[in-house]
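In: Provided below are the primary sequence and the corresponding predicted coordinates.
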Amino acid sequence: MAITHMHSYLVHHGKNIPEKDRSVIRGTTVQLSGKLFEMLAIVYQKAMQECTTAISFTSSDQTNDARELIVTYATHPHQHKGLKLAQRLQGATDGTPGMGLLFLVRGEEGGKIRTVISRFPADVGILAEEDETGLNVEYLEKVFMKNSRKYKAAVYEDAAVDSGYWTGHVVDHQLNSDMIRSASDYWVIDFLLSDCLTTPKVGSTRLAKMIKEAVKGTTSPAVKSELGSLARLLPNLSGKKVSPRSIAKKFALSDEATAVLKERAKTDQLFNEEFLFDKASFSEVLSFKSVELTSGAILSAPSAEFENVFEEEVVDAKTGEVLFTTQGVIADMRFKRGRP
């Protein structure tokens, strides 16, 4: 690990506020020694493993304002260069996340330049310790230590910064546990002008294959039932940002079912990677066919296996009455309110 520069800025929210009326952003150079440096060095060191959501800068003509500011800082890591990034973050931040501390850490790793951008919540109650000419290091340490585990981060690493730095990875420890997203939209979309690297088709197809292989690979009837129910419910999330991990949490999969699904993901990165769910792509690999009878019964099975699971016999051609038969061991039984 070879950190070469560190800078920090206190950023008040400024979205929907005229630029002339926004709070002044104060910054400082963080010395490469001491308690604050040691804590930030851990964030820097863990970034490549901890930031698991892949993102890519959006561009229609090979230009992106956020990327240009990051490349400029990585190439010329000075406090005034980083200030431009702080101002961009201010313009993307509304009153919900509120005031925050932005840290920029630049280093060199094995011939590559790594830049870590992180945001920590700041405490309004100790704002009085802010110096009018900059930021007091004691203030930074006090705020950082209080919120050292609740932060957002983005990491970029490349040997050729000018031509590289088009993709990166993010993590967000400030989201509520029940949120399905893995990173705040204002952080990824508004501030970094980026989106998930995994396309909806690739991510949704991969997820369908994970579930399909997990169902076939487990001998547990209960796990098969859980994953089958998951496959039937997932199309309702079309257009939403998901990851295998987030859907396992959202649909309250058991630890056993989650472990089976994670095993099919092969790597932690794929299990955590976020993408926009595409119903059509998912259904091309894994879809369920359901038949509802006038008797009130609903028959359901994977589309490709429906005819093998249920034997159909026409009882009365005039009325369209049919008889479905199947057999097997009861794997699960559930009672629900209203219609299934």
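Out: Everything's here; your move. Numbering: from 1, shown residues only.

In: And for K212, the neighbour number?
Out: 17 (other CB atoms under 10 Å). Bear in mind the C-beta positions are built from the backbone N, C-alpha and C, glycine included.

In: Which helix or strand contains it?
Out: helix 200-217 (DSSP states H and E).

In: Buried residues, that helix. List them.
Out: 200, 203-208, 210-212, 214-215 (16 or more other CB atoms under 10 Å).

In: Can I get the helix or strand following it as PDB, trimmed to CA atoms?
Out: Remark: after helix 200-217, the chain's next helix or strand is helix 221-233, criterion DSSP H and E. Provided in PDB are the C-alpha atoms of helix 221-233 (Å, rounded to 0.1, in the frame of the first residue of the first chain):
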ATOM      1  CA  PRO A 221     -37.600 -30.200  -0.600                       C
ATOM      2  CA  ALA A 222     -37.900 -27.100   1.500                       C
ATOM      3  CA  VAL A 223     -35.100 -25.300  -0.300                       C
ATOM      4  CA  LYS A 224     -36.600 -26.300  -3.700                       C
ATOM      5  CA  SER A 225     -39.900 -24.900  -2.600                       C
ATOM      6  CA  GLU A 226     -38.400 -21.600  -1.400                       C
ATOM      7  CA  LEU A 227     -36.400 -21.100  -4.600                       C
ATOM      8  CA  GLY A 228     -39.400 -22.000  -6.800                       C
ATOM      9  CA  SER A 229     -41.500 -19.400  -5.000                       C
ATOM     10  CA  LEU A 230     -38.700 -16.900  -5.400                       C
ATOM     11  CA  ALA A 231     -38.700 -17.500  -9.200                       C
ATOM     12  CA  ARG A 232     -42.400 -17.000  -9.400                       C
ATOM     13  CA  LEU A 233     -42.300 -13.700  -7.500                       C
END
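
In: Just give the strands next to whatever helix or strand comes next after helix 221-233 in its sheet, each with its orientation.
Out: Once the chain leaves helix 221-233, the next helix or strand it forms, by DSSP H and E, is strand 241-242. Sheet pairing for strand 241-242, assigned by DSSP bridges, gives strand 275-276 (antiparallel).

In: what's in contact with the strand it pairs with?
Out: The contact list for strand 275-276 (CB atoms under 8 Å, 6 or more residues apart in numbering) reads 196, 198-200, 202-204, 239-243.

In: what do you get if the cut-off is 10 Å, keeping everything else the same?
Out: 53-54, 195-204, 206-207, 237-244 (CB atoms under 10 Å, 6 or more residues apart in numbering).

In: mind listing the helices for this protein?
Out: 35-50, 65-75, 79-92, 137-146, 185, 200-217, 221-233, 244-250, 255-265, 268-272, 279-285, 306-309 (DSSP state H).

In: Please identify the buried residues of stretch 288-299?
Out: Those buried within stretch 288-299 under the rule 16+ other CB under 10 Å are F288.
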